[in-house]
Every structure is written in structure tokens, then in C-alpha cells.
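**Q** Fold the following and give me the result.
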Amino acid sequence: MPLLDWVNRNQAEETASQVPFHLLKFQKSFGDTDTAKENLIIQGDNLQILKSLLPLYGGKVKCVFIDPPYNSQSAFEHYDDKLEHAQWLTMMYPRLQLLKELLTEDGSIWITLDDNESHYLKVMCDEIFGRKNFVANIVWQKRYSRENREAIGDAHDHLLVYAKNSMEFKKVRNLVPMNETQAKVYKNPNNDPKGRWRGIPMTAQAGHATPEQFYEIVSPSGKSFRPPEGRCWGVSRATYDRLLEEGRIYFGKNGDSQPNIIRYLSEVKGVVPWTWWNHEDHGHTDEAKKESQLLYGKDETFSSPKPERLMEKILYIATNKGDMVLDSFLGSATTAAVAHKMERHYIGIEMGDHAQTHVIPRLEKVIEGEQGGISKSVEWQGGGGFSFYKLGNAVFDDQGFLNSDVKFMDLASYIWWLETKSAFNSTVSLESPFLGVHDGVSYFLLYNGILGDRRPNSGNVLTHSILNFLNDCHTSEGKRVIIGEASRLGKTKLDELNIEFKQIPYSLYGN
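**A** The predicted structure follows:
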């Protein structure tokens, strides 16, 4: 498979693994305190934050949407969009690696780009996600008025779509509602009491056909039909007979045409999304700017915001209520606002000060029931909440010692990710050292928040009495991994009990 090569590519490949885990420091909750726990706005460097989200959200995000700097030489206030090409690629590579780890197995990532970098990013995503997991390159008509400044007017952006596993994504992605133009093909020429319908041809390619799909059909006029060469009937004889009895086979006005299966409009659940998204149904840049002006004023607009209708379509296809959505280039917070109105959970990451000057005020207005964007179409009346965090200190300091701010849950989730590469169950009891079982291995953490306390009775040290306590917490017949400050049990005894002891911080630092 062809690969991109650029200056600092080797550095880009290693960056994600070298980024240290950081703490996320809670600042304030807004709106309903219960739902605020499910929705996070985090201010700080998105690379460090993405790495720090893995212990609790790895494999849990259903949809990632990012609108990264386009590297288009069009400077604007909130982002540096003048990144040199190699720097831009170096910036994107590790972030995409981490975003992939955060996705569920049936999750998807949607990336908006213009022509400057979209084709390079397609090759990069083929490498990171796998070519077989490419879903689509959607063309969004971002402009409805003519663009006459260039040799050829720019009227579109790309929406590059990949899945963690394309086959799993196809099973769960939602069909989109049929519009009236599409519904016009459904008619009722015979005044069927069940309403409008269309005829679906009965033939199919014969590549995987069974013998039951080759048979003679006789129309009401007595005309005989068989499948053409290389094709078969799309249903078996038994299914055809049932459909015929139900009045679901149509032979044309005179009863002598090729048979069609009747499909009623009332039975249509939706249509498969396609790759051309016009501005009439999905919004355009001017619409997005007007939405932004209503929120922030005419003098406080982002240069290339996305309309809420565009985000609505993405989240409609890729998610359902209660799913987790992530945007690591949050910008004007359109993703978070639309996710909130559509009752999805969300994580929004923004580095600049406008995380507080723009993002938080916009979401507060959403909670209050603002009626811009998609509010009327989804019948949004307000409610819900979100929590605001900032990027905190690294879990380990420069000397390899645990940061004094680290709490049990912080360390537990970090260890669980290191050991299992899966997200930690944040509902686990904080009163028990038992973290859980993964692949038959039981994990325990001896950590009472007192760094460096190696007294046998401190609770941080594995002793015979502590081991008895762990047995009471959870009985395990398989291997046990116990993490603590020290162990008073010798290696022979540990091996005999099928226990692997890992010492804090030495067995954890640098991972």
C-alpha cells in the first residue's frame, strides 16, 4: 500500500506513544448536575487531552467529528491555518492514531477538509484506519453563490469518513429520511387501499443464486417469464407464492409485464445516505456565519463555521441518543451544541481562550433553550448540562514519581488502560482495591493516596494480611496482578499463588 513520506514522519509515528498521560482538572458544572457528568468541555492541547481520555473513554466514542485547520493560507483569529505542509501532516498523524483508539468497534470518524490537504489525508487515513475501513468521501456544497475570484470557483468541502470497522459500522449506521422528491416515485395507479407504492424489479444477479431462484412465472394474461441469462429471481418460489397471494406482485396495467414486487411508501424506513450533500438540505457557509453572528454578534464570528444542519445529518447517520460524540477541534462549539440538542453525550476539546469566551456561553444558551440552528426541527426546549475541565499536570513528574494530585480513580483508570488497553469502568467502588477482571486476570490496586508510604500497615504494601483482605474483596482462581508501593511476599510465594506484583511508580513510569 502506498504511504506518505514527509520530513519528521518518523517523529509523527512515535508521538502518540510518547505523549504522557495527564490529569483532567474539573473546573465547574453548568446546568443539570446529573447530565453534566456525561458532557465534557476540556480546555488544553488536544494531543495531550486525547491521550489522557484513553483510560476512561478508550473504545467508547461512537462518532468523532473534526474540522481541523485546512492549511489553506487563510489566516483567521482562532487557529493558525498557515501550517507548512509537513508540519500539518505531523500534527494530524498522532491525533488520528489516538482518535482511532477512542472509537467503538462500530464507530466512525468524519473529517471536513478542502482540496488543499484532503487527498493527502485520505492516504494517511488509509494507513491508520485501513483502506478496507474507508466509508466515503462526501462532497458538501458549502457555497450556493458563484465564486469568481479563482480560475475555477471553489464550491465544496470534503467530508472524509472512516470507520473503526466498516462492516460493523454498516450494520448500525442509520438510514436517512426520504424527502418528497425521492417519494415522488411512489404512486398509486391501481388505487391500492394501502396507499402509494413502487414496483421493485424481481431479478437479481445470479452469482450466488440457489436452485429455488430459477422457476417459471405466469402472468394473469398467461404470459410466461423466466429470469434473463446471468440473472435469477430475487426471491424463492415459496416467497413469490406468498407475495402473489398477498397482492404484492404487479404485472403492469394490462397484466402482461415483467413481474415487480410492490413496496409501499409506508414501509420505507429511509434511504441509504449518499456522497453528494447539497446546500438546500445540509446548509452552507453563509448559513453557518449567520448562526454564529446570532450567538456572538457580527464582530465575533469564526471564519469557516459549519452549519448546524450539516452536523445534524452526520450525527443522525452515525449515532443514536445516548451515544458519545467527540470533537477535538471544537472551534465555535457547533458539534457540542448539536449533540446536546440531539441528546447525545459529547466531549469537546479546545485549546484557546475561546473555550471560555465562546464555547461555554454558546452551550449555556443551548441549555436555556436557544432557538437557532436545528432547535425547531428537533423541538429543542432547553435543559441538560455539561462540565468544564482544564488539562492538568502529568500523572508522573520529570523524575518518574507520581504527581501529588493523583487520586485513586486517576491511577486506577491509568493502570487499567496500560494493562488491558480498554477503558476503565468509572462506576467501580472507590472503597475496594479490586479493579476488575480482564481476559481471566484479576487486577488490584493498593493505593491510599499517600505517596511513598511503605509501612506494612499503610495499605499500600502487599502483606499476608492485605492479601487475605484482597481475597475477601474478590475470589479468583486465575492469575492476579497487584500494583502497590512494595511487597513483603517473596517471589517464590508470589509465583506459588500465581500473583504478579508491580511496584509503584517504577513499573508504570514511561509506559
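
**Q** tell me the contacts of C473?
**A** Each residue near C473 by C-beta atoms under 8 Å, 6 or more residues apart in numbering is listed here: 432-434, 444. C-betas here are computed from N, CA, C, even on glycine.

**Q** what's the spacing between I360 and R9?
**A** Distance, I360 to R9, using C-beta to C-beta, to the nearest Å: 37 Å.

**Q** thinking again about what came up before, ok, so of the contacts of C473, who is nearest S166?
**A** Distance to S166 across the contacts of C473 (C-beta to C-beta) is lowest for F434, with 37.4 Å.

**Q** how far away is the closest one from I482?
**A** From F434 to I482 the distance is 10 Å (C-beta to C-beta).

**Q** out of these two, which sits in the busier spot?
**A** For the pair F434 and I482, the greater number of neighbours falls to I482 (22 against 17), based on other C-beta atoms under 10 Å.

**Q** who's in contact with the host helix or strand of P55?
**A** Per DSSP states H and E, P55 falls inside helix 46-57. With C-beta under 8 Å, 6+ apart as the contact definition, helix 46-57 has outside contacts at 15-16, 19-24, 42, 94-95, 98-99, 101-102, 324, 326, 328-329, 347, 349-351, 391, 413-414, 416-417, 423-424, 426.

**Q** quick revisit: who touches both of F434 and I482?
**A** What both F434 and I482 touch, as defined by C-beta under 8 Å, 6+ apart, is the set 443-444, 470.

**Q** and those, which of them are in strands?
**A** Applying DSSP state E to the shared contacts of F434 and I482, the entries found in strands are 443-444.

**Q** Need the shared contacts of F434 and I482 in TSV (columns: distance to M1 and neighbour count).
**A** Shown next, in TSV, are the shared contacts of F434 and I482 (distance: C-beta to C-beta, whole Å; neighbours: other C-beta atoms under 10 Å):
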residue	distance to M1	neighbour count
Y443	37	25
F444	43	26
L470	48	21
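
**Q** Just give me the neighbour total for the closest residue to P68 other than its chain neighbours.
**A** Nearest residue to P68 in three dimensions, chain neighbours excluded: F329, at 5.1 Å (C-beta to C-beta, 6 or more residues apart in numbering). Around F329 sit 19 other residues, with neighbours defined as other C-beta under 10 Å.

**Q** Name the secondary structure element that contains F329.
**A** Per DSSP H and E: F329 is located in neither a helix nor a strand.

**Q** How about the contacts made by it?
**A** With contact taken as C-beta under 8 Å, 6+ apart, F329 is in contact with 46, 66-69, 79, 349-350.

**Q** Please report phi then psi for it.
**A** Main-chain torsions, F329, degrees, to the nearest 10: phi -130, psi 70.

**Q** Can you tell me how far it is from E370?
**A** Using C-beta to C-beta, we find F329 at a distance of 23 Å from E370.

**Q** Also K171?
**A** Counting by C-beta to C-beta, the gap from K171 to E370 is 35 Å.

**Q** same thing with H282?
**A** According to C-beta to C-beta, H282 stands 21 Å off from E370.

**Q** out of these two, which sits in the busier spot?
**A** Legend: neighbour count by other C-beta under 10 Å for H282 and E370, higher for H282 (22 against 18).

**Q** Leaving out sequence neighbours, find the closest residue to the more buried one.
**A** Distance criterion C-beta to C-beta, 6+ apart; nearest residue to H282, sequence neighbours excluded, is L310 at 5.0 Å.

**Q** just A36 next, same as before
**A** What sits nearest to A36 in space, not counting adjacent residues and going by C-beta to C-beta, 6+ apart, is G385, at 3.4 Å.

**Q** do G484 as well
**A** Once flanking residues are discounted, G484 sits nearest to L446: 3.3 Å by C-beta to C-beta, 6+ apart.

**Q** Please name the residues that touch the one you found.
**A** L446 makes contact with 433, 459-462, 466, 482-485 under the criterion C-beta under 8 Å, 6+ apart.

**Q** Among the residues you listed, which one has the most neighbours?
**A** The most neighbours of any of those, using other C-beta under 10 Å, belong to I483, which has 26 neighbours.

**Q** Look up how far L462 lies from the closest residue to that residue other than its chain neighbours.
**A** Leaving aside its sequence neighbours, I483 sits nearest to K502 (C-beta to C-beta, 6+ apart; 4.7 Å). Counting by C-beta to C-beta, the gap from K502 to L462 is 10 Å.

**Q** between these two, what contacts are shared?
**A** Taking C-beta under 8 Å, 6+ apart as the criterion, K502 and L462 both touch 482, 484.

**Q** re earlier: the residue nearest to H282 should be in a helix, yeah?
**A** Yes. Applying DSSP: H, G, I helix; E, B strand; the rest coil, one finds L310 inside a helix.

**Q** Contact partners for it?
**A** 140, 277, 282-283, 288.

**Q** in its sheet, what does the strand or helix carrying E500 sit against?
**A** Here E500 sits within strand 499-503, counting by DSSP H and E. Applying DSSP bridges to the sheet, strand 499-503 is found paired with strand 480-484 (parallel).

**Q** returning to that earlier point: neighbour-wise, which of I360 and R9 wins?
**A** Using other C-beta under 10 Å as the criterion, I360 and R9 rank with I360 on top: 20 against 15.

**Q** Quick check: the more buried one touching I42?
**A** No. Checked against C-beta atoms under 8 Å, the pair I360 and I42 is beyond contact range at 11.7 Å.

**Q** Spell out for me which residue occupies the centre of this structure.
**A** Centroid-nearest residue in the chain, with C-alpha atoms, centre = their mean: C63, separated by 1.7 Å.

**Q** Spell out which residues sit in contact with the closest residue to L113 other than its chain neighbours, please.
**A** Distances taken as C-beta to C-beta, 6+ apart put H158 closest to L113, at 4.9 Å, once the chain neighbours are dropped. H158 makes contact with 112-115, 118, 137-140, according to C-beta under 8 Å, 6+ apart.

**Q** Now the terminal residues of stretch 9-25, how far apart.
**A** With C-alpha to C-alpha, to the nearest Å as the measure, stretch 9-25 spans 32 Å from end to end.

**Q** A423 contacts K60, doesn't it?
**A** Yes. Under the criterion of C-beta under 8 Å, A423 makes contact with K60 at 5.3 Å.

**Q** can you count the residues close to the closest residue to N8 other than its chain neighbours?
**A** Leaving aside its sequence neighbours, N8 sits nearest to T90 (C-beta to C-beta, 6+ apart; 4.8 Å). By the measure other C-beta under 10 Å, the count of residues near T90 is 19.

**Q** Would you agree T90 is in contact with A12?
**A** Yes. The pair T90 / A12 is scored as a contact, 4.4 Å apart, by C-beta under 8 Å.

**Q** Any buried residues in the helix or strand where E419 lies, and which?
**A** In this assignment (DSSP H and E), E419 forms part of helix 408-420. Buried residues in helix 408-420, counted by 16 or more other C-beta atoms under 10 Å: 410-420.

**Q** for stretch 282-291, same thing?
**A** Neighbour-count burial for stretch 282-291, with 16+ other C-beta under 10 Å as criterion, is recorded at 282-285, 287-291.

**Q** Put together JSON lines for those residues, with distance to S377, pLDDT and secondary structure on each row.
**A** Listed next are the buried residues of stretch 282-291 as JSON lines, based on distance: C-beta to C-beta, whole Å; pLDDT from 0 to 100; DSSP: H, G, I helix; E, B strand; the rest coil:
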{"residue": "H282", "distance to S377": "13", "pLDDT": "94", "secondary structure": "helix"}
{"residue": "G283", "distance to S377": "12", "pLDDT": "92", "secondary structure": "coil"}
{"residue": "H284", "distance to S377": "16", "pLDDT": "92", "secondary structure": "coil"}
{"residue": "T285", "distance to S377": "20", "pLDDT": "89", "secondary structure": "helix"}
{"residue": "E287", "distance to S377": "13", "pLDDT": "90", "secondary structure": "helix"}
{"residue": "A288", "distance to S377": "16", "pLDDT": "88", "secondary structure": "helix"}
{"residue": "K289", "distance to S377": "19", "pLDDT": "88", "secondary structure": "helix"}
{"residue": "K290", "distance to S377": "16", "pLDDT": "89", "secondary structure": "helix"}
{"residue": "E291", "distance to S377": "13", "pLDDT": "89", "secondary structure": "helix"}
